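A.B. asks: got a sequence here, can you model it:
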Amino acid sequence: MCLGIPGRVEAFLNTEPLERSARVSFGGISREVNLAYVPEADVGDYVIVHVGFAISRVNEDEARRIFRYLEEIGELGEP
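C.D. replies: Just a heads-up that it's a prediction; the model follows:
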């Protein structure tokens with residue numbers, strides 16, 4: 001099963017279209033994420049990330065709902 005996790009875009013690291021990347025926070029843990037598939041994403045936006053690639057944008061309420069669900073099923077814990 002594939003799982004996408006919501007994260008908040010904190011800062012851009014590269015702005016070249018095919019290499020567009022940003023630092024994304026996942027509940028306090030930050031990772032570099034490729035944003036090439038989500039060119040409309042901006043700092044402060046929430047994105048769904050799968051294997052290092054942002055695949056869509058979501059609003060903050062939806063991101064919080066996903067975090068609650070992951071917590072309920074025991075999949076949200078220490079990395």
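A.B. asks: mind listing the helices for this structure?
C.D. replies: For the chain, the helices defined by DSSP state H cover 60-72.
A.B. asks: poorly predicted segments of it, please.
C.D. replies: 1-2, 75-79 (pLDDT under 70).
A.B. asks: the top strand by length along it pairs with which strands, and in what direction?
C.D. replies: Scanning the chain for the longest strand, with DSSP state E as the assignment, gives strand 5-14. Strand pairing for strand 5-14, determined by DSSP bridges: strand 21-26 (antiparallel), strand 46-50 (antiparallel).
A.B. asks: who touches the first one?
C.D. replies: Pointing back at strand 21-26 there. 5-14, 30-35, 41, 43, 47, 49, 54 (C-beta atoms under 8 Å, 6 or more residues apart in numbering). C-beta: built from backbone N, CA, C; applies to glycine.
A.B. asks: mind giving me the ChimeraX select for those, buried ones only?
C.D. replies: The following ChimeraX line selects those of the contacts of strand 21-26 that are buried, judged by 16 or more other C-beta atoms under 10 Å:
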select :5,6,7,8,9,33,34,35,41,47,49,54
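A.B. asks: contacting residues around the residue nearest to residue 56 when sequence neighbours are not counted?
C.D. replies: Distance criterion C-beta to C-beta, 6 or more residues apart in numbering; nearest residue to residue 56, sequence neighbours excluded, is residue 48 at 4.9 Å. Contact analysis of residue 48 by C-beta under 8 Å, 6+ apart lists 4-6, 54-58.
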